[in-house]
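**Q** Got a predicted model here, sequence first, then my questions.
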There are 2 protein chains.
Amino acid sequence: MTEFELIARYFEKPAKRLHHRARLGIGDDCALLAPRAGHELAISTDMLVAGRHFFEKVDPASLGWKTLAVNLSDLAAMGARPLAFTLAIALPAIDEAWLAAFAEGLFGCATEFGCELVGGDTTRGPLNLCVTVFGEVPEGRALRRAAALVGDDVWVSGTLGGAALALQRSTTASTTLRVKLERPIPRLRLGEALVAVAHAAIDVSDGLAQDLGHVLAASDCGAELWLDAIPCQRELATEPEELRARFALAGGDDYELCFTAPVSQRAAVEHAGRTSDSAVTRIGTILERRGLRVLATQGADSRSVAPEWLAGFDHFR
Amino acid sequence: MTEFELIARYFEKPAKRLHHRARLGIGDDCALLAPRAGHELAISTDMLVAGRHFFEKVDPASLGWKTLAVNLSDLAAMGARPLAFTLAIALPAIDEAWLAAFAEGLFGCATEFGCELVGGDTTRGPLNLCVTVFGEVPEGRALRRAAALVGDDVWVSGTLGGAALALQRSTTASTTLRVKLERPIPRLRLGEALVAVAHAAIDVSDGLAQDLGHVLAASDCGAELWLDAIPCQRELATEPEELRARFALAGGDDYELCFTAPVSQRAAVEHAGRTSDSAVTRIGTILERRGLRVLATQGADSRSVAPEWLAGFDHFR
């Protein structure tokens, strides 16, 4: 199969069945997009490498889903609505069964969240997947990392630690747990619902402590979290405190949203959670003093948890 | 060095010195872009793999330049003006000297053509570079592959075959020739100048015959080219006809523009060439009969060149 036949069969044809949101889709030198009046275009890119972000032998349909879903999660963290994406892919060889399954997962996610494939590149090389995703957000209203204010509540959606636990348990993980790792659901509806409500937001991809740390650095402030308030994956409830804490604070790949909102917006945040079918939990507060402290529980006399429980994941360590 | 230190030193800092065109640049979950009123956003993505698109030992500064330049060439082919780009990069290890040189070439190109780095991703893995580029084009005026009309002239900018000859001659290639291969100049000003003048356009990345073939397929028409009219790299003049023809028709990596325009626009095309400091040469004509015929020279009794001289490059062959 040539490069052009491959693109036509596995990417162009399914792309044509998607809802068209672009002015010009796949097949030219460039795609053409225009955000609606009063909107800006939010853009994010992620590169997934075999052996680093996923196992070479991972189910290709799950990989297809996740490749797009992790990028959509970045749109969710800005409060943007998906519009389109590009996919560049390096393949070690043409394996049609693999490609068919990968495309099924990828376009399953694209259909679910209304995101059109508008362009890409295919080449031979060590397996590598690079998605760039485009969404629309009302002008000047995107949820930025630098927007946290002292006194804000810190919130998180869903539960944390499930993906890390699935990775640890590997083949012995339950199906629900594996789905958390392999088919993450980007919190797009919640992100959109938070646009007029929250201040700062980020998605939890590297671990809560590290990702919230980016918000604190960008906003030039600190935070206090209460470990017993952080919603954990159900299966973690029976695990020892240290493991539970490490998975909740530093387990990556959950793709939940961590966001800050003024105290006056508590009812609005809970309403946003309900309308978007997302659990939302208040887990801490933004402080003037820089740095992140995690207390066992809320209260002036509570002890801090061990700082090594907060260590996240670095792709170059 | 951690992933975050690496991004800060080699990508964030130089990005901050570029002219800011985005509403929000590097450092958040998403970048924010908005095309000017009356404009659409043109988007293109390319993935470059070590050992396939470039030699692992290639000069990293040239690689940095080319990584962005080949994407800008896709904007040129649509008539779009550069705005911003994202870079996702997989590195086998952190080599600071390599990274510094790569960034110098990359930001050299970004500065030259007014294109701001707005986001990206870095990870460890076999060397892989994926750029997605964004430009602005007046609404409804992009130069599309599907816009060629029967009777149009076929034009090409600059000269062809230089990059392929440099690759063939390798270390014995002259400096001017190596620059053609290693530091291609995207024809952005020409592309913009052609917006109100030309019909269809494409950039010559895989070889003239193959790339023009995409225009013909998209426009549902054919074309006749005249080999002796095709402007070749100077050093090819003394080579045998077959080699000259193969390099001009199927040599890739030249990043010239091939475009079609109505006969009535000949003076306007030449004017666009002069104002953008680009040579433009008329090399053929669009026909109703599908397929591409290359004649030795213009005229009803001219012979066709051997079809195998037209074979281009396929990344999966």
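**A** Perfect, I can see it now.

**Q** What mean pLDDT does stretch A:36-54 get?
**A** The average pLDDT for stretch A:36-54 rounds to 92.

**Q** hey, C-alpha coordinates of it in CSV?
**A** Backbone C-alpha positions of stretch A:36-54 (Å, rounded to 0.1, in the frame of the first residue of the first chain) are rendered in CSV as follows:
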residue,chain,number,x,y,z
ARG,A,36,-17.3,31.8,15.0
ALA,A,37,-17.6,35.5,15.6
GLY,A,38,-16.7,36.5,19.1
HIS,A,39,-14.6,33.4,19.6
GLU,A,40,-10.9,32.6,19.6
LEU,A,41,-9.2,29.4,18.5
ALA,A,42,-7.6,27.3,21.3
ILE,A,43,-4.7,25.1,20.1
SER,A,44,-2.9,22.3,21.7
THR,A,45,-0.4,19.6,20.6
ASP,A,46,0.8,16.3,22.1
MET,A,47,3.2,13.7,21.0
LEU,A,48,2.9,10.1,22.1
VAL,A,49,5.8,7.8,21.7
ALA,A,50,5.7,3.9,21.8
GLY,A,51,7.5,2.5,24.9
ARG,A,52,7.2,5.9,26.7
HIS,A,53,3.5,6.9,26.7
PHE,A,54,2.1,3.5,25.8
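
**Q** close to chain B, is it?
**A** Yes: contact of stretch A:36-54 with chain B (C-beta under 8 Å from any C-beta of the partner chain) involves A:39-47, A:49-53. Glycine gets a C-beta too; all of them are placed from N, C-alpha and C.

**Q** and what of stretch A:110-117?
**A** No: using C-beta under 8 Å from any C-beta, stretch A:110-117 stays clear of chain B, coming no nearer than 11.2 Å.

**Q** Need the residues that contact that stretch.
**A** Contact partners of stretch A:110-117, identified using C-beta atoms under 8 Å, 6 or more residues apart in numbering or on different chains, comprise A:11, A:14-15, A:18-22, A:25-26, A:68, A:72, A:81-87, A:106-107, A:109, A:133, A:186, A:188.

**Q** Tell me where the model's unsure across chain A.
**A** A:312-317 (pLDDT under 70).

**Q** quick one, helices of it?
**A** In chain A, the segments counted as helices under DSSP state H are A:3-7, A:13-17, A:60-78, A:96-112, A:162-169, A:175-182, A:188-193, A:208-219, A:241-250, A:266-275.

**Q** now those helices in CSV, with mean neighbour count?
**A** Formatted as CSV, the helices of chain A follow (neighbours: other C-beta atoms under 10 Å in any protein chain shown):
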stretch, mean neighbour count
helix A:3-7, 17
helix A:13-17, 16
helix A:60-78, 26
helix A:96-112, 19
helix A:162-169, 21
helix A:175-182, 18
helix A:188-193, 25
helix A:208-219, 22
helix A:241-250, 21
helix A:266-275, 16
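
**Q** Compare the ones you listed and give me the one nearest B:Ala218.
**A** Each of these has some distance to B:Ala218 by C-beta to C-beta; the shortest is helix A:3-7, at 12.4 Å.

**Q** and the closest residue to A:Asp277 other than its chain neighbours, what is it in contact with?
**A** The shortest distance from A:Asp277 to any non-neighbouring residue, by C-beta to C-beta, 6 or more residues apart in numbering or on different chains, is to A:Arg189 (7.1 Å). Counting by C-beta under 8 Å, 6+ apart, A:Arg189 makes contact with A:275-278.

**Q** Chain B versus A:Arg189, what's the distance?
**A** 16 Å (C-beta to the nearest C-beta, to the nearest Å).

**Q** Okay, domains of chain A per the record?
**A** Using automatic domain parsing, the domain parsing of chain A gives A:3-138, A:145-310.

**Q** how long is the first one from one end to the other?
**A** Between the start and the finish of domain A:3-138 there is a gap of 38 Å, counting by C-alpha to C-alpha, to the nearest Å.

**Q** ditto for stretch A:300-307
**A** Per C-alpha to C-alpha, stretch A:300-307 runs 18 Å from first to last residue.

**Q** Any buried residues in it, and which?
**A** A:302, A:305 (16 or more other C-beta atoms under 10 Å in any protein chain shown).

**Q** Any chance you could list what contacts it?
**A** For stretch A:300-307, using C-beta under 8 Å, 6+ apart, the contacting residues are A:226-227, A:242, A:245, A:249, A:293-296.

**Q** State the distance from the nearest residue to A:Ala166 once chain neighbours are set aside to chain B.
**A** Nearest residue to A:Ala166 in three dimensions, chain neighbours excluded: A:Leu181, at 3.8 Å (C-beta to C-beta, 6+ apart). A:Leu181 sits 18 Å away from chain B, going by C-beta to the nearest C-beta.

**Q** can you pull the contacts of A:Leu181?
**A** So A:Leu181 contacts A:162-163, A:166-167, A:173, A:253 (C-beta under 8 Å, 6+ apart).

**Q** residues in contact with A:Thr285?
**A** Contacts of A:Thr285 by C-beta under 8 Å, 6+ apart are A:151-154, A:223-224.

**Q** In strands, which of the residues you listed fall?
**A** A:153-154, A:223-224 (DSSP state E).

**Q** Skipping adjacent residues, who's closest to A:Ala142 in space?
**A** Using C-beta to C-beta, 6+ apart, the closest residue to A:Ala142 is A:Met78 (4.6 Å).

**Q** so A:Asp121 sits right up against B:Thr45, yeah?
**A** Yes: with contact defined as C-beta atoms under 8 Å, A:Asp121 reaches B:Thr45; the gap is 5.6 Å.

**Q** more crowded one of the two?
**A** Neighbour totals were compared for A:Asp121 and B:Thr45, and B:Thr45 leads with 27 against 22 (other C-beta atoms under 10 Å in any protein chain shown).

**Q** Quickly list what the more buried one is bridged to.
**A** Counting by DSSP bridges, B:Thr45 forms beta bridges with B:Thr132.

**Q** Return the residues in contact with it.
**A** A:86-88, A:119-121, A:130, A:132, B:71, B:130-133.

**Q** Mind doing that once more with 10 Å?
**A** Taking C-beta atoms under 10 Å, 6 or more residues apart in numbering or on different chains, we find B:Thr45 in contact with A:30-31, A:45, A:85-88, A:118-121, A:130-132, B:71, B:74, B:85-86, B:88, B:130-133.

**Q** And it, how far from A:Ser264?
**A** 43 Å (C-beta to C-beta, to the nearest Å).

**Q** dump the residue contacts of A:Asp277.
**A** A:187, A:189-190.

**Q** Not counting sequence-adjacent ones, nearest residue to A:Asp74?
**A** Counting by C-beta to C-beta, 6+ apart, the residue nearest A:Asp74 is A:Ser44, at 3.7 Å.

**Q** What of A:Val150?
**A** In this structure, A:Val150 finds its nearest non-sequential neighbour in A:Glu288, 4.9 Å apart by C-beta to C-beta, 6+ apart.

**Q** Check A:Ala311 too.
**A** Using C-beta to C-beta, 6+ apart, the closest residue to A:Ala311 is A:Ala250 (5.5 Å).

**Q** again, but for A:Pro262
**A** Excluding its sequence neighbours, the residue lying closest to A:Pro262 (C-beta to C-beta, 6+ apart) is A:Asp152, at 5.9 Å.

**Q** Same check on A:Met47?
**A** Nearest one to A:Met47, counting by C-beta to C-beta, 6+ apart, is B:Ala88 at 3.8 Å.
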